[in-house]
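Chemist: Okay, predicted coordinates and the sequence, questions at the end:
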Amino acid sequence: MTQSIFATLEAAAARSACDRVELDRFAQHLLALSPYRAARINPFEFADGAGIGSETALDLFVHGAKLGLFDLEWGMICSLCGGITHSVAELDRVAEDTLHCSLCDKDVESVLDDTVEVSFAYAVSGASLDLHSDFTTYQHYYTSSSYPFREEWRQYHERYTVAEIKLEAGQVATMSPSLERGKEYRLICLDTHSGADLLVADNGKSAVAAKTVELSLSNAGFSQDEVQLCAGDAVLTLANQTDQAVWCRVLELNMKDIDKIMAKGPPQFSRRLTGKHLLNNQAFRDSFAMHELAPDLKLKLRSLTLIFTDLKGSTALYDREGDLAAYRLVQDHFSALKQAVRTHSGAVIKTMGDAVMAAFPSGRDGTAAAIAMMVAMRGLADGRRSNDVGLKVGLHAGPALAINAGQSLDYFGQTVNIAARVQGLADAGEICLTSALNDNDEVPALLSQSGFIGRPELARLKGVSTEEQIFRYRPAT
C-alpha cells in the first residue's frame with residue numbers, strides 16, 4: 001500500500017515544481033499523521049510540519065486529489081465559533097448567500113474569502129477514526145483548525161455541559177438534564193451541526209412547558225428548533241435517524257463567559273486554504289474541469305486582486321522582425337508571465353490576444369507577480385532588437401463574483417472593469433495600480449525595494465462615475 005502511495009505522489013510531483021527532497025518530506029509527514037489529523041488536512045499547516053514550501057505542498061495536494069489519493073472538501077465555516085456548518089465535495093454546493101450556524105443560531109454571509117475553507121482528507125491505511133473517543137478530538141474535528149479560540153470553547157463545554165449522550169445510527173435513548181429557572185440551554189450535535197433551544201418555564205406558569213420531550217435527529221437537524229420545558233429534572237428522548245453515530249449535549253448558555261471569550265476581538269484565523277485561494281491556484285484551475293460546474297454558478301468574493309497586462313509594440317514587431325521571431329517573443333512572454341503568476345500564488349484566468357488576466361488572493365502576491373513580470377520581460381529584451389516592445393501592467397483589488405463562463409471560472413464586476421481600465425493607462429515598463437492596493441503599506445514598500453518609483457495622479461476611467469486615484473510606478477533607472 002505504501003508503495004502505491006509513493007507512486008501516486010511521484011506522479012503528482014511530476015506535474016508540479018517539486019524536487020525529490022520536498023517529495024520525501026511530504027510523504028514522510030503524510031504517513032506519520034494520526035487518523036484524526038489525516039481526516040481534515042490544512043495544507044499550509046501541513047507544509048510547516050513537513051518543512052516544505054506552502055505552495056509546493058498545495059500543488060501536491062491538488063494533483064494528488066486529481067489522482068484520487070486525497071478527497072477535496074469545501075467546508076462552510078462560521079466566523080464566530082469556527083464551527084464547520086457543513087462540508088461538501090463539489091464547488092457548486094457552496095453558492096449560498098448565507099449560512100446558518102446552528103450552534104451560534106446566527107446567519108453568516110457566505111463568501112469565498114472567509115467562510116469557505118478547503119481541506120484534504122487522506123484515509124490512513126489500516127487505521128480507524130473514532131471521533132467520539134474524547135471530546136477534544138470530537139470538537140477539534142468539527143471546528144476549523146485555524147480558529148484561534150478552540151481551546152477556550154473546549155473548556156467552556158467542560159464547564160457547562162449538563163447532560164450528554166452518544167447514539168448509534170437508528171438508536172433511541174433518553175438523557176436527563178437538570179434545568180434551572182432563569183438560565184438558558186441549548187441542545188447541540190456537532191456531527192450534524194444541529195441545535196435546538198431549551199426554554200425553561202416556571203413550573204405551572206406555561207401551558208406548553210413539559211418535563212418530557214421527544215425529539216428526532218436527522219441530517220437536516222433536530223425535529224424542533226425550540227422546546228419549552230419545566231424547571232427541574234427533564235427527560236429528553238432522542239431518536240437518531242441519521243446513518244451515523246452522534247454525540248448530543250445539553251449546554252448551558254452562560255453569556256458572561258461567552259463574552260469573555262469573544263472580548264478578545266473578532267477571531268483572527270491563522271493561515272488556511274480559503275475558497276478564494278484555491279480558485280486562484282493554477283494547479284487547481286489546470287487540473288479540475290470548471291465547465292462541469294452548474295451553469296448559473298455565482299460565488300462571492302469580498303476582495304480579489306486582479307492583474308491585466310498588455311504587450312506594447314507587438315504589432316510593429318511582426319513587421320520589423322518577421323512572423324517567426326515575433327511569434328517566439330510573444331510566446332516566450334506568455335511563458336514568463338504564467339511562471340510569475342504561478343510563483344506568486346496566482347492563476348491565469350484568460351489570455352486575450354497579447355494580454356493576460358490573472359487573479360491573486362492578496363495584493364502583496366499580485367504586486368510581487370507584477371514585479372517578476374517586469375524583470376522577466378527585461379530579460380527577454382536583452383540583446384534583441386525588440387527593446388521597444390514593453391509590458392504594461394495594471395492592478396486593482398475589490399469585491400467580485402466568480403461565475404461559470406462555460407469552459408472556465410471567470411470573474412465579473414466593477415473590480416474587473418477598473419483593473420482593465422487601469423492597465424490601459426500604463427505605458428511600456430510601467431505598473432499602474434489603484435489606491436485600493438497602494439494604501440496597503442506592503443505594496444509600495446515592495447515596489448520601492450524592487451527599484452520602482454511611484455507618483456499619484458487622478459484619472460477618469462471609462463464606466464466609473466468618479467475620478468480614481470492611480471499610482472504610476474516606473475523603474476528608477
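Modeler: Nice, thanks for sending it over.
Chemist: So which residue is dead centre in this protein?
Modeler: T274 (0.9 Å; CA atoms, centre = their mean).
Chemist: for the record, mean pLDDT for stretch 70-82?
Modeler: Taken as a whole, stretch 70-82 carries a mean pLDDT of 90.
Chemist: typo on my end, it should be stretch 381-401
Modeler: 78.
Chemist: likewise stretch 432-451?
Modeler: Stretch 432-451 comes out at a mean pLDDT of 95.
Chemist: outside of that stretch, which residues touch it?
Modeler: 305, 363-364, 366-368, 371, 375, 393-398, 418, 422-423, 425-426, 431, 454, 456, 468-473, 475-477 (CB atoms under 8 Å, 6 or more residues apart in numbering). Heads up, the C-betas are built off the backbone N, CA and C, glycines and all.
Chemist: mind giving me the domain split of this structure?
Modeler: 2-148, 154-262, 290-475 (automatic domain parsing).
Chemist: now the last one: how far from the chain's centre is it?
Modeler: For domain 290-475, the gap between its own C-alpha mean and the chain's C-alpha mean amounts to 23 Å (CA atoms, centre = their mean, to the nearest Å).
Chemist: Same question for the second one.
Modeler: Centroid separation for domain 154-262 versus its chain: 32 Å, with CA atoms, centre = their mean.
Chemist: Show me what counts as buried in stretch 275-294.
Modeler: Using 16 or more other CB atoms under 10 Å as the test for burial, stretch 275-294 gives 275-285, 287-288, 290, 293.
Chemist: I should have written stretch 6-14 there, sorry.
Modeler: 8-9, 12-13.
Chemist: Tell me where the model's unsure across the stretch 51-200 of the chain.
Modeler: 95-96, 124-127 (pLDDT under 70).
Chemist: before we move on, the earlier item: look up how far F44 lies from the residue nearest to the centre of the chain.
Modeler: 10 Å (CB to CB, to the nearest Å).
Chemist: What's the mean pLDDT across the longest helix along the chain?
Modeler: Longest helix of the chain, by residue count under DSSP state H: helix 323-343. Computed over helix 323-343, the mean pLDDT rounds to 86.
Chemist: re earlier: ok, the buried residues of stretch 6-14 vs K66, which is closest?
Modeler: Checking those against K66 with CB to CB, the nearest one is A12 at 7.9 Å.
Chemist: Leaving out the residues flanking it, which one is nearest to that closest one?
Modeler: If the residues on either side of it in the chain are set aside, A12 comes closest to H63, at 3.7 Å by CB to CB, 6 or more residues apart in numbering.
Chemist: does F471 belong to a helix or a strand, and which?
Modeler: Using DSSP states H and E, F471 maps to strand 468-475.
Chemist: For ChimeraX, what selects the buried ones among the contacts of stretch 432-451?
Modeler: In ChimeraX, a selection of the buried entries from the contacts of stretch 432-451 looks like this (16+ other CB under 10 Å):
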select :305,363,364,366,367,368,371,393,394,395,396,397,398,418,422,423,425,426,431,454,468,470,471,472,473
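Chemist: So which of the contacts of stretch 432-451 are in strands?
Modeler: 305, 393-398, 431, 454, 456, 468-473, 475 (DSSP state E).
Chemist: returning to that earlier point: in terms of secondary structure, what does the longest helix of the chain contact?
Modeler: helix 282-287, strand 298-312, helix 314-321, strand 347-352, strand 355-360, helix 363-381 (3 or more CB pairs under 8 Å, 6 or more residues apart in numbering; DSSP states H and E).
Chemist: can you pull out the strands in the stretch 151-300 of the chain?
Modeler: Assigned by DSSP state E, counting those that start in this stretch, the strands in the stretch 151-300 of the chain fall at 161-167, 172-175, 178-179, 184-189, 194-201, 212-218, 221-222, 226-230, 232-233, 235-240, 246-253, 298-312.
Chemist: Name the residues of the second one that come out as buried.
Modeler: Same thing as strand 172-175. So for strand 172-175, counting by 16+ other CB under 10 Å, buried means M175.
Chemist: which neighbours does the strand holding F471 have in its sheet, and in what orientation?
Modeler: strand 431-434 (antiparallel), strand 452-459 (antiparallel) (DSSP bridges).
Chemist: Tell me which of those is the most buried.
Modeler: strand 431-434 (a mean of 27; mean count of other CB atoms under 10 Å).
Chemist: Show me which residues of the following helix or strand past that strand are buried.
Modeler: Next helix or strand after strand 431-434 toward the C-terminus (DSSP H and E): helix 435-438. Residues of helix 435-438 classed as buried: 436-438 (neighbour count, 16+ other CB under 10 Å).
Chemist: How about V172: what's its closest non-neighbour residue?
Modeler: A239 (4.5 Å).
Chemist: returning to what we had before: right, so the strands of the stretch 151-300 of the chain: which one is the most enclosed?
Modeler: With a mean of 23, the top stretch among the strands of the stretch 151-300 of the chain by mean neighbour count (mean count of other CB under 10 Å) is strand 298-312.
Chemist: in its sheet, what does that one sit against?
Modeler: strand 355-360 (antiparallel), strand 390-404 (antiparallel).
Chemist: got the angle for the longest one vs helix 323-343?
Modeler: What it means is strand 390-404. Interaxial angle of strand 390-404 relative to helix 323-343 (axes from the mean of the first three to the mean of the last three CA atoms, to 10 degrees): 60 degrees.
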